[in-house]
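[1] Dropping a prediction and its sequence here:
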There are 2 protein chains.
Amino acid sequence: MDGVRRIEALGKHVILELMDCDRACLCDREFLRTTLLAACRAAGATVMGDSFHTFTPYDGVSGVIIIAESHLSIHTWPEYNYAAVDIFACGNSLRPHKAVEVMVRELRAGDHSIVELDRGILNSLVAHEGK
Amino acid sequence: MDGVRRIEALGKHVILELMDCDRACLCDREFLRTTLLAACRAAGATVMGDSFHTFTPYDGVSGVIIIAESHLSIHTWPEYNYAAVDIFACGNSLRPHKAVEVMVRELRAGDHSIVELDRGILNSLVAHEGK
């Protein structure tokens, strides 16, 4: 039931492993930047800035987009057809799974896995709020 | 035994929760940028670029530093004396726990927790390498 949050937390961190991706996509910095921006839009995020870089010798790409609601990042290893994607979303307004759908589809991932973490669990923080 | 890696993976992702931090530090964008850069140096990382932003109404800061070995990020919630830090390190040359030490010390965290994830587990990827 999506409408029920079992743990109140400041942020939701979606850790996405993309396996068996299209190798050419994983080397294409502009494609990856455009795709991660599309994932931001799909999630309903507000983009604040970005930084993308290509690395030798396999033309892997690292990129991060800062959003008003935290960040999205990608690191690619074309030699393994693999990309590591993080979607860190604070507040309740974002739809991180829409971003997941965009990344899986556009990188043509043959397989993927998702781990979700709550960040800043409120029960552990409220006690300190008045400090 | 630090010298033994039980799972061969492309990256090590250290997820750091910093509780009960100094509130003034969590609002100070330049301090946070300087501190995260110091954490990169302590870990032995090569800095490629960064992006830092301040958010209203509580002066929380979001910042990411792209390193040749992946990225470090921070998101702060001064109203909860809380910061979420990620240290994503590929390869075996980095010392991510040195970065953890810098962040815990400089933000004067009264409490912290660490979760470590392997990213890009090689056993699951090698089968696709020849595609």
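    Yep, it's here.

[2] mind showing which ranges of chain A have poor pLDDT?
    A:1-7, A:126-131 (pLDDT under 70).

[3] And for residue A:29, the neighbour number?
    Residue A:29 is flanked by 16 other residues according to other CB atoms under 10 Å in any protein chain shown. (C-beta placed from N, C-alpha, C; glycine too.)

[4] surely it meets residue A:54?
    Yes: between residue A:29 and residue A:54 there is a contact under CB atoms under 8 Å: 5.1 Å.

[5] Name the residues contacting each of these two.
    residue A:61 (CB atoms under 8 Å, 6 or more residues apart in numbering or on different chains).

[6] all helices of chain A, in order?
    A:23-27, A:29-43, A:96-106, A:122-129 (DSSP state H).

[7] tell me the angle of the third one relative to helix A:29-43?
    Between helix A:96-106 and helix A:29-43, the angle formed by their directions is 150 degrees, by axes from the mean of the first three to the mean of the last three CA atoms, to 10 degrees.

[8] Of all the residues in helix A:96-106, which ones are buried?
    Using 16 or more other CB atoms under 10 Å in any protein chain shown as the test for burial, helix A:96-106 gives A:96-100, A:102-104, A:106.

[9] Which other helices and strands does that helix contact?
    strand A:9-19, helix A:29-43, strand A:82-90, strand A:111-121 (3 or more CB pairs under 8 Å, 6 or more residues apart in numbering or on different chains; DSSP states H and E).

[10] Compare these and report which one is nearest to residue A:58.
    strand A:82-90 (11.0 Å; CB to CB).

[11] CA atoms only for the closest one, dumped as PDB, please.
    Provided in PDB are the C-alpha atoms of strand A:82-90 (Å, rounded to 0.1, in the frame of the first residue of the first chain):
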ATOM      1  CA  TYR A  82      27.000  -2.400 -15.700                       C
ATOM      2  CA  ALA A  83      25.700   0.900 -14.200                       C
ATOM      3  CA  ALA A  84      25.300   1.900 -10.600                       C
ATOM      4  CA  VAL A  85      22.500   4.400 -10.100                       C
ATOM      5  CA  ASP A  86      21.400   6.200  -6.900                       C
ATOM      6  CA  ILE A  87      18.200   8.100  -6.400                       C
ATOM      7  CA  PHE A  88      18.200  10.000  -3.200                       C
ATOM      8  CA  ALA A  89      14.800  11.700  -2.600                       C
ATOM      9  CA  CYS A  90      13.800  13.700   0.400                       C
END
